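**Q** sequence plus the predicted model coming up.
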Amino acid sequence: MEFLNNVFVAPFQDMAAAPDFFMQVVWEGLVSGVLYALIALGFVLIYKSSRIFNFAQGIMVVFAALTLVGLHEMGVPALLAVPLTLGVMFLLAVAIERVVLRPLVNQPDIILFMATIGITLFLIGFGEMIFGGENKVMITEQLGIPTGSFEFEPFGGFLLIEQKDLTAVVGAGVLVLVLLLFLNRSKMGRAIRALGDDHQAALSVGISLSTIWVLVWFIAGIIALATGIVWGARAGVSFALEVIAYKALPVLMLGGLESVTGAIVGGLAIGVLEKLFEIYWGQPLLGGNTETWFAFVFALIVLLFRPQGLFGEKIIERV
Amino acid sequence: MKTYLKTAMLGAALGLGTMVAMPAANAEDTIYAPNLSYRTGPFAATGIPLMNGQRDYIMMLNERDGGINGVKIEYDECETGYSTEKGVECYEKTKSKAVVTQPWSTGITLQVLPKTNVDKIPILAPGYGFSPMANGKVFQWAFNPPASYWDGASMMLNYVSDGDLDTLKGKKIALLHLDHPFGKEPIPLFEAMADKHGFEFLPIPVGLKEMQNQSAQWLQIRREKPDYVLMWGWGAMNAGAITEAVKTRYPMDQFIGIWWSGHDGDLKTVGDKGKGYKSISWSVPVADAPVMADIKKYVVDPGNSLMEDPADINSVFYQRGILISMILAEGIRGAQEHFDTKNVNAEQLRWGLENLKIDDDRIAELGMTGMIAPFSTSCADHTGHAGGWILEWDGSKFAPASDKLTADADAIAVLEEVKAMEYAEANKPWPINEECNM
Amino acid sequence: MFYRISGQFKTDYRSDHALFRVRQDAVLMGIILLFAWVIFPFTANEFVFQALLIPVLIYSLAALGLNILTGYAGQLSLGTGAFMGVGAYACYKLVTIFPEMNLLVAIGLSGFFAAAVGVAFGLPSLRIKGFYLAIATLAAQFFLVWLFEKWAWLYNYNASGAIQVPTIDMFGIRVAGPTASSFVQYYFVLFVVTIMTIFAINITRGHIGRTWKAVRDMDIAAELVGINLLRSKLIAFAVSSYIVGVSGALFVFLWRGAAEPNLFDIPLSFRVLFIAIIGGLGSILGNYLGAILIVALPVILNILPEMVGLEINAAVVEHLNIMIIGALIIAVLIIEPHGLARFWAIIREKLIMWPFPH
C-alpha cells in the first residue's frame, strides 16, 4: 500500500505542494529538451537524405564548439570566428563526403553506420591533438548572448530563468523555422527531400548526389555549431560533451528517424519527462541518476505500440 | 587496383599481428618510474596539469642534482585516458622494470591492487585510491600519503562544524558525487559520522554521462535545501557543478569540494561568480617557494615543460603534481640510504615509502615550506594522515582560507580496520603482513 | 600449387557438406590449433599473455556471440557490453554464494542469466526493426549498467561498488585470482573458447542457422515460408547472449580480476561491434581476425615509437592511436565491407588458382 502511495500519489502531491519548483523542473526539462531536439535534428537531416545513421553528430558538436573557442583564443574576434568555424564545418562536410561517403555508396546501412563511428573516433583523436583536452569556456558574452537571468515569484515561490537558456530556446526556434522554410520552399531543400523519398528517381531527374550530401552534412555542421554554443554556454566545452549524442537517440526513436517535427516534439517531450521522472520518482525511490536510461526505456515502450516512432513514416514491407 | 589494395592491407595486418614487440631494454644506471597518465579522454582537464607537475619535478631533480643521490630517474608516461583496460595494459607493460605503479584512477587501482602483492611493486596513489589502504598490515604494497578520502571527508566536517561535530546535529549534509568507485569512496565515513553525530546525510550521485548536465541534481539540492553540499567531483563534473550552483543561487560558502574538485581551470569557467567556493586540499600553491624557483630555472625557462601557459605554474594542480613526485622521490632517497645502494628496486622502494619522514625541517630543505603539511608513514599507517587546508576561490585563483585542519583520526582508524579486514576476507587467501604491529 | 584441390573428389552428399571440403583447409586448421594450443603458450611471456593472447580470445568470443545475433540473424545490437556485464555479475554472485562450485560450471551457468536477460530485451525485436531495434538495445545497455551501479546486492554491498575476483582453485590448480598464472588462465580461456566455437559452427550450419539466415535476409518472406519468427529471433537472442555472457564472465574472472560497472558501458559494446564488423558479419573466422586486429593494433602502436627510438609524448601517441583506429575502420569498410573474413576467402581463392590465374 505504501509502495503504491509512493509511486502514484506522493509524487503528484509533491508537485502540487511546490508549484514554483514544479515549474522550474519543467523549464529545466524544456531547455535540455531543446538541446536534445537540436542534436536529433542533425541526425534526422542526414538520415532523411542519405539513410545514414550519423553517429558522428555528437562529436561534430564538440568539434564545432572547440573550433569556435580555439579560433577566438588565437585572437580572432568572436563575430568573425563564427563564419570561420562554419567554413571549417563546410570543409569537414566536403572531406567526409569525398573520403568516406562516396566510396561507400550503396553499401548496407550498418556499414555506413560503422563508418560514422570511424569518423567519430578520428575526430576525437584529431580534435584532442589540436585543441588539447582542457575544459574550455564558451565565449558566450563575446557572441553577444545575454548572461543575466529573470526571476519570477509565482505562487509566492521562486522561478529562475537564465537569459542564455531563453536565448537558446528562441535561437533554436528560429533555426528550426529557417530550416523548415529552406526544406519546403527552396529548390535545394526540395532536392534534399526528393533524395530522401527515392534515391534513384532523384538521380534520374538530375539531382547531384554529392552536392546534396555535402550540403546536408554542412547543415548538420551548422546545427552542431548552434548546439555546441548553447550547451557550451551551460557547461563549458570539453570532450566529455560528446556523450550528449546518446541523449538524442531515444528522441529519434520516439519521434521517428525521418521526421523533423518528430525530432522537435520528441526532444521536448523526453527533456521534460526525464526531468520529472528523475525528480519525483527517480531520486526518492530509485537512488537517482535515472536520466541515463529513462529516455531509452520510455521510447522503447512507446515503440512497442508504434514501431516507426510517433511521426516516422509507416514502414510498409513487401516481399 | 582494388585487389592489390586488399592484398596489401592483409599483408600489413598479418605483419602487425605476428610482430610481438617488447619494450626496449634500459640503461642500468637509472631508476624507472612510470606513471599511468591520463592526458586524454573526458578527465584530461584535471590530468594534464597534474602530470605536468609530476614530470617537471623529476626533470628538475635530474637537471639540478643529477637525479637522486646521483641516479637519474627515468620518468615515463603510459597513457591510459582514464580507461581501466588501458591502465592494466600499461601496468603489464611497465611492471618488469618499474619500481612503482602510479595508477591514477580508482578503477585501475582496484584492478592492480591484488596483482602488486604477487609482482611485488608498490602502488603510490597520493590522495586517491582506496581509503583503507592506510592499513599497511593488509595492504602491504599500497600507499596513499599524505591523506586519504576519509581524511578529506573528516576535515570537511570539522571545518563546517568549527571542530565540534555535535553542532551538526539536525543539519543536512549532501554529498554530490560521481557515480563511480571514486565518488562512492567517502560514503562509509559520512554514514558512520552521521550516525554518531546526528546529522542527516544525503548522497546525490552524478552519472558519468550527466557530468555536464547536472540540472536534475541541483534541482534536488534546491528541493532538499541541505545546509552544506560537499562534492566528490572529477574532470568535467566540477565545472558543471559549479555552474549549476551559481545558477541555483546555492550559497558558495556552503559548498566544499574534495581536493580533486579544486582545479583552477574548472573555476575559470565561472570566474567571479564562483567567488567563495571552497575546496579542501592537502597541498597549497606557494608562488615564491624555492622549489618553484628551481623548477622555473631548470625546466620551464629552458622550455622543457609541457605546460602550455607558464602562468599555470602557480595553479593548485600543477603544484600538487610536484608534491606527488616529491613523495616518490623521498621514498627513493630513503630506500637508497637505508639499503646503501644507488639503484633501488621495487621491494626496497616499498620500505622507503613505508618509512617516509616528511617533517617541517625536511619540507624546508626541499624548499616546499607551506606547500604541504608534515607527515610520516609506518607499516601500520600507509597514509600518514597529514592535515590539509581549505582553499577558497577569490575569482581568479585559489588562496588558503583556513588554519591547518586535521582529520578525526580515531573514527577513521576504526573504519579503516573494518573495511581492510572485509577486503582481505572477500579476497582470501590474502597475504597479511604479520610482522606489522598496529 | 600448395592449395591444389583437383583430385579431391566427392562421391556423396555427406562429403559435400563436410566441415572441411578441401584437405588443405583441415591441415591449415590443424596448424592454427597447434599454434594456439602448443606453440603460443610455451613461447609467450607474461605481457604477451595479458595484453594479447587472453584478450584476443575473450574478445573474439564476445564478437562471436554478437555475430550470431547481428551477422546470422540480422538483429543489430548495441548492448553487448551490458550482456557481458550480466554474465560477469552472475558469475560473481554464483562464486560468492557457492564458493565450492567449480569455476567452469559457474561460468557455464552464468551464461544462462545473460541469455534470460537477452531474451527479455529481445522480445521487442518482433515489432521493432533496423536502427529502431539498435537504439532499443541501447535501452538494455544503459539500464543494465545503471542497475549494476545501484543494486548493491550484486556486488555484495562492498564500499567501492566494484567486484573483485576471489581466488579460485579447480582440481588443485589456481585458475582465478591474483596469484593464478597466466599460463593456466590462457588454457582455461582457450578451452572455453574452443568449445563455444565448435558449438557456434554447428548451430550456424544446421537447421537453426538456416532459419536465422532466412530471417536476416527478409523476415516477412521467412515467415511466409513457415518459419516461426518469434522462436527464431528469440533463439538467436538467447544463444547470442549466452555466448556473450560467458565471454563477460571470462573477461572479468580470467583476465581483468576486478570490474566496476562502467567497464561494461557503451565503449565495450562498440569495441565488440567493431571486431564483428571488421572481421566480417556472418562469419565465424572473422571474429578471430577482427579481434586480433582491434586488440593487437593499439598495443603495437603504443610500443612502436619506442622500438624505433622515437620520443613521442604519450598523449600524442594516444591521439594518433585513436585517429588511426578510426581511419582504419573506415578504410576496411571502403576496401572490403565484408570484413577480414572475405580477405581470407579471396586469398584462398587466389592460392587455389596460383600459379595459373585466369
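**A** Done, it's in. Just so it is clear, the model here is predicted, and its values are computed rather than measured. Residues are numbered from 1 along each chain as shown, chains lettered A, B, ... in the order given.
**Q** only C-alpha atoms from now on, for both contacts and neighbour counts.
**A** Noted.
**Q** whichever strand or helix holds C:I277 close to chain B?
**A** Using DSSP states H and E, C:I277 sits in helix C:266-279. No: shown here: helix C:266-279 not in contact with chain B (C-alpha under 8 Å from any C-alpha of the partner chain), separated by at least 10.0 Å.
**Q** and the next helix or strand after that helix, what does it pack against?
**A** Counting by DSSP H and E, the next helix or strand C-terminal to helix C:266-279 is helix C:285-308. The helices and strands touching helix C:285-308, judged by 3 or more C-alpha pairs under 8 Å, 6 or more residues apart in numbering or on different chains; DSSP states H and E, are helix B:2-18, helix C:54-67, helix C:266-279, helix C:314-335, helix C:340-353.
**Q** before we move on, back to that, from the contact counts, what lies against the helix holding C:I277?
**A** helix C:54-67, helix C:80-97, helix C:285-308, helix C:314-335, helix C:340-353.
**Q** next, the buried residues of the third one.
**A** Applying a neighbour-count criterion of 16 or more other C-alpha atoms under 10 Å in any protein chain shown, the buried positions in helix C:285-308 are C:285-304.
**Q** enumerate the residues of chain B near chain A.
**A** Residues of chain B lying close to chain A by C-alpha under 8 Å from any C-alpha are B:39-46, B:48, B:204-207, B:209-213, B:215-216, B:219-220, B:223, B:236, B:239-240, B:243, B:247-248, B:265-266, B:268-269.
**Q** just the buried ones from these?
**A** Buried subset of the residues of chain B next to chain A (neighbour count, 16+ other C-alpha under 10 Å): B:39-46, B:48, B:204-207, B:209-213, B:215-216, B:219-220, B:236, B:239-240, B:243, B:247-248, B:265-266, B:268-269.
**Q** near chain C too, which of those?
**A** Applying C-alpha under 8 Å from any C-alpha to those, those adjacent to chain C are B:39-40.
**Q** so which of the buried ones among the residues of chain B next to chain A belong to helices?
**A** Secondary structure assignment (DSSP state H) places B:44-46, B:48, B:215-216, B:219-220, B:236, B:239-240, B:243, B:247-248, B:265-266, B:268 from those within helices.
**Q** give me the number of residues near the spatially closest residue to C:L268 that is not a sequence neighbour?
**A** Among residues not flanking C:L268 along the chain, C:G81 sits closest, at 5.2 Å (C-alpha to C-alpha, 6 or more residues apart in numbering or on different chains). When neighbours are defined as other C-alpha atoms under 10 Å in any protein chain shown, C:G81 has 29 of them.
**Q** which residues touch C:G81?
**A** The contact partners of C:G81, by C-alpha atoms under 8 Å, 6 or more residues apart in numbering or on different chains, come to C:141, C:264-269, C:272.
**Q** re the thing from before, residues in contact with the helix holding C:I277?
**A** Contacts of helix C:266-279 (C-alpha under 8 Å, 6+ apart): A:114, C:59-60, C:62-64, C:66-67, C:78-82, C:141-142, C:285-291, C:293-294, C:329, C:332-333, C:337-341.
**Q** likewise stretch C:36-45?
**A** Stretch C:36-45 is contacted from outside by C:49, C:183, C:186-187, C:190, using C-alpha under 8 Å, 6+ apart.
**Q** a markdown table for these, including neighbour count?
**A** Formatted as a markdown table, the contacts of stretch C:36-45 follow (neighbours: other C-alpha atoms under 10 Å in any protein chain shown):
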| residue | neighbour count |
| --- | --- |
| C:F49 | 22 |
| C:F183 | 17 |
| C:Y186 | 23 |
| C:Y187 | 17 |
| C:L190 | 18 |
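**Q** follow-up on the earlier one: now the contacts of C:G81: which count as buried?
**A** Buried members of the contacts of C:G81, counted by 16+ other C-alpha under 10 Å: C:141, C:264-266, C:268-269, C:272.
**Q** so stretch C:336-344, near chain B or not?
**A** Yes: interface with chain B: stretch C:336-344 contributes C:336, C:340, C:343 (C-alpha under 8 Å from any C-alpha).
**Q** who touches that stretch?
**A** Stretch C:336-344 is contacted from outside by A:107, A:111, B:6-7, B:10, C:277-281, C:283, C:285-286, C:289-290, C:332-333, using C-alpha under 8 Å, 6+ apart.
**Q** how about a cut-off of 6 Å?
**A** C:278-280, C:286 (C-alpha atoms under 6 Å, 6 or more residues apart in numbering or on different chains).
**Q** over to stretch A:274-282?
**A** A:11, A:29, A:288, A:290-291.
**Q** tell me which parts of the stretch 151-300 of chain A are close to chain C?
**A** A:253, A:293, A:296-297, A:300 (C-alpha under 6 Å from any C-alpha of the partner chain).
**Q** and of those residues, the nearest to B:T369?
**A** Nearest to B:T369 among those, counting by C-alpha to C-alpha, is A:W293 at 49.5 Å.
**Q** quick one, strands of chain A?
**A** Listed in chain order, the strands of chain A (DSSP state E) span A:149-152, A:159-162.
**Q** now tabulate those strands in CSV and tack on mean neighbour count and mean pLDDT.
**A** Below are those laid out as CSV (neighbours: other C-alpha atoms under 10 Å in any protein chain shown; pLDDT from 0 to 100):
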stretch, mean neighbour count, mean pLDDT
strand A:149-152, 12, 78
strand A:159-162, 18, 80
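**Q** what's around residue 127, how many residues?
**A** In the absence of a named chain, this looks at chain A. Look at A:G127: counted by other C-alpha under 10 Å, it has 21 neighbours.
**Q** meant chain B actually
**A** 24.
**Q** same question, C:A120
**A** Residues lying near C:A120 (other C-alpha under 10 Å) number 14.
**Q** next one: it from C:A140, what distance?
**A** 10 Å (C-alpha to C-alpha, to the nearest Å).
**Q** tell me which helix or strand of chain B sits lowest on mean pLDDT?
**A** The least trusted helix or strand in chain B, going by mean pLDDT, DSSP states H and E, turns out to be helix B:2-18, with a mean of 46.
**Q** could you list the residues in contact with stretch C:322-333?
**A** Contact with stretch C:322-333 is made by A:115, A:118, A:121-122, A:125, as judged by C-alpha under 6 Å, 6+ apart.
**Q** buried subset of those?
**A** Buried by 16+ other C-alpha under 10 Å: A:115, A:118, A:121-122, A:125, out of the contacts of stretch C:322-333.
**Q** so which of those residues also contact chain C?
**A** A:115, A:118, A:121-122, A:125.
**Q** return the member of those nearest to C:I5.
**A** A:A115 (37.5 Å).
**Q** can you pull the pLDDT of the closest residue to that closest one other than its chain neighbours?
**A** What sits nearest to A:A115 in space, not counting adjacent residues and going by C-alpha to C-alpha, 6+ apart, is C:I330, at 5.2 Å. We have a pLDDT of 90 for C:I330.
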